[in-house]
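1. Show me the folded form of this:
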Amino acid sequence: MSSLEINNLHVAVEVNGAQIEILKGIDLQLNTNEVHAIMGPNGNGKSTLSAAIMGNPEYIVTAGTIKLDGQDIVGLPVDERARLGLFLGMQYPSEIPGVTNAEFMRAAINSRRPENDKISVMDFIKKLDKNMELLNMKEEMAERYLNEGFSGGEKKRNEILQLMMLEPKFALLDEIDSGLDIDALKVVSKGVNAMRGENFGAMIITHYQRLLDYIKPDFVHILMDGKIVKTGDAELAKRLEKEGYAKIAEELGLEYKDED
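-> Below you'll find the predicted structure:
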């Protein structure tokens, strides 16, 4: 079993030469075999949290630690964090012309393996075919350039395909349900659920209960004004759907802020 432990995490961004604090002391512990949902109003730090964990240099850690299996990874570059077992599913994946899906995924898999244990072409193809079938993806997707000309739904399925191929310890999934119709949502959820087990954990950032109808979280955390202000189980997400964030903020004596 692996762990991802975040202690007193403060994160800022630089705007016009000044640091603006976004995360103001996050404490969070994730273990494999767990799914954690992060919910909260816009502009309160949810995407900042995933970006900081993954090591986006635009987000400056000013205090606190991020420990993966006991190792503090603050200061490590993105590629090193990925090799250690982190995966970020982005809200808006980048297009990479000239590199096919298959080439990208095989290179990513091999970058995490020792030089004498690279995945064979045959093993890679078998694994790719199996996962693409589960996600109802056409074979031609493997030979298309990475995300180039993909619809929003195709990009999200492709992110989950990469997740299934790489088999990270922890996936940070930032609004993977954004823009998906109900059929695509079911397929994406099917892929995430197929990964659940003792060697995999996930942090899912979402605004909507509908995703959590298909990927049932073990824990739900509400993030407001840069802090986790409330934690519960799946029922907390259902309550949010009915009552909204303003009600929670009022109960906790917090100022409600929602930015587009």
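
2. where do the helices sit along the stretch 151-260 of the chain?
-> 152-166, 182-195, 209-214, 234-243, 245-252 (DSSP state H, counting those that start in this stretch).

3. buried stuff in the first one?
-> Neighbour counts over helix 152-166 (16 or more other C-beta atoms under 10 Å) mark 153-166 as buried. Where you see a C-beta, it was placed from the backbone N, CA and C, and this is true even at glycine.

4. Likewise for stretch 52-60?
-> 52-56, 59-60.

5. Distance from it to the middle of the chain?
-> The chain centre lies 14 Å from the centre of stretch 52-60; the measure is C-alpha atoms, centre = their mean, to the nearest Å.

6. ditto for stretch 213-231
-> 14 Å.

7. can you give me the end-to-end distance of it?
-> 18 Å (C-alpha to C-alpha, to the nearest Å).

8. Point out where the protein drops to low pLDDT.
-> Where the chain drops to pLDDT under 70, the residues are 91-92, 257-260.

9. Can you list the residue ranges for strands in it?
-> For the chain, applying DSSP state E gives strands covering 3-15, 18-31, 35-39, 60-68, 71-72, 86-89, 96-100, 145-146, 170-174, 201-205, 219-224, 227-232.

10. between those, which gets nearest to residue 107?
-> Residue 107 sits nearest to strand 96-100 of all the strands of the chain, at 8.5 Å, using C-beta to C-beta.

11. May I have the strands that pair with that closest one, each with its orientation?
-> For strand 96-100, the paired strands and their directions (DSSP bridges) read strand 145-146 (antiparallel).

12. List the contacts of the strand it pairs with.
-> 95-101, 104, 158 (C-beta atoms under 8 Å, 6 or more residues apart in numbering).

13. switch the cut-off to 7 Å
-> Contact partners of strand 145-146, identified using C-beta atoms under 7 Å, 6 or more residues apart in numbering, comprise 95-101, 104.

14. and if you look at stretch 90-109?
-> 119, 124, 128, 141-148, 155, 158-159, 162, 165-166, 174-175, 178.

15. what's the spacing between it and its chain's center?
-> Worked out by C-alpha atoms, centre = their mean, stretch 90-109 lies 17 Å from the chain centre.

16. before we move on, what about stretch 150-169?
-> 11 Å.

17. can you check stretch 40-54 too?
-> Relative to its parent chain, stretch 40-54 has a centroid offset of 10 Å by C-alpha atoms, centre = their mean.

18. What are the buried residues along that stretch?
-> Judged by neighbour count (16+ other C-beta under 10 Å), stretch 40-54 contains these buried residues: 40-41, 44-54.
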